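Visitor: Sharing a sequence plus its predicted fold:
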Amino acid sequence: MPLHAKLFLALGALSAAASVVLGAAAAHMANLQVGTTLPLFQTALQYHQFHALGLLIVGLVASNHPSSRWFLAAGILMIVGTLLFSGNLYLRSIAGFNDWHAVTPYGGAAYIGSWLLLAIGALRLGKHRG
């Protein structure tokens with residue numbers, strides 16, 4: 001199995017575990033329960049969980065098609081999206097840190113791009129060049 005496929009699988013599993021820990025911790029955070037930041041946190045958590053599973057999918061597909069640059073790029077963008085989108089919303093909701101709020105849309109674009117690259121990679125399966 002290629003290294004990038006292993007990394008995507010491991011990071012996908014770790015990301016899923018982290019999302020469970022964050023969700024459980026948030027259930028006990030009083031500032032999230034009474035404040036206006038709960039919707040931000042819930043959005044971050046939902047996208048985080050969904051894309052942790054997406055990263056696992058990319059890792060599995062990349063393990064069967066190690067030369068596909070499309071799957072490699074899709075995995076990288078899922079990681080970037082998680083850091084920029086979910087990570088930024090976590091910072092805003094938990095720590096009240098809003099200085100980087102402008103990068104959130106870039107994380108969303110990375111998420112969208114990752115799924116588009118996964119689709120392109122799937123459509124190109126069987127062609128000579130990945």
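Guide: That came through fine.

Visitor: Within the helices and strands, which one has Leu56?
Guide: Following DSSP states H and E, one finds Leu56 within helix 38-64.

Visitor: pLDDT of that helix, averaged?
Guide: Averaged across helix 38-64, pLDDT comes to 95.

Visitor: so what does the helix or strand following it touch, helix or strand wise?
Guide: Going down the chain from helix 38-64, the next helix or strand is helix 69-81, by DSSP H and E. With contacts defined as 3 or more C-beta pairs under 8 Å, 6 or more residues apart in numbering; DSSP states H and E, helix 69-81 has these neighbours: helix 3-26, helix 38-64, helix 104-123. In short, each C-beta sits where N, CA and C put it, glycine included.

Visitor: Show me what counts as buried in the first one.
Guide: What it means is helix 3-26. 4-5, 7-9, 11-12, 15-16, 18-19, 22, 26 (16 or more other C-beta atoms under 10 Å).

Visitor: Same check on the second one?
Guide: Neighbour-count burial for helix 38-64, counted by 16+ other C-beta under 10 Å, picks out 40-41, 44-45, 47-49, 51-52, 54-59, 61-63.

Visitor: Return stretch 64-83 as PDB; C-alpha atoms alone will do.
Guide: Extracted in PDB, the C-alpha atoms of stretch 64-83 (Å, rounded to 0.1, in the frame of the first residue of the first chain):
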ATOM      1  CA  ASN A  64      -6.100   0.400  -5.000                       C
ATOM      2  CA  HIS A  65      -4.900   3.200  -7.400                       C
ATOM      3  CA  PRO A  66      -1.600   4.400  -6.000                       C
ATOM      4  CA  SER A  67      -0.500   6.300  -9.100                       C
ATOM      5  CA  SER A  68      -3.600   8.500  -9.300                       C
ATOM      6  CA  ARG A  69      -2.700  12.100  -8.700                       C
ATOM      7  CA  TRP A  70      -6.400  12.900  -8.400                       C
ATOM      8  CA  PHE A  71      -6.900  10.800  -5.300                       C
ATOM      9  CA  LEU A  72      -3.700  12.200  -3.700                       C
ATOM     10  CA  ALA A  73      -4.900  15.700  -4.300                       C
ATOM     11  CA  ALA A  74      -8.400  14.900  -3.000                       C
ATOM     12  CA  GLY A  75      -7.000  13.600   0.200                       C
ATOM     13  CA  ILE A  76      -4.800  16.600   0.700                       C
ATOM     14  CA  LEU A  77      -7.700  19.000   0.100                       C
ATOM     15  CA  MET A  78      -9.800  17.100   2.600                       C
ATOM     16  CA  ILE A  79      -7.100  17.600   5.200                       C
ATOM     17  CA  VAL A  80      -6.800  21.300   4.300                       C
ATOM     18  CA  GLY A  81     -10.500  21.700   4.400                       C
ATOM     19  CA  THR A  82     -10.700  20.200   7.900                       C
ATOM     20  CA  LEU A  83      -8.000  22.500   9.200                       C
END
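
Visitor: This completes my enquiry, with thanks.
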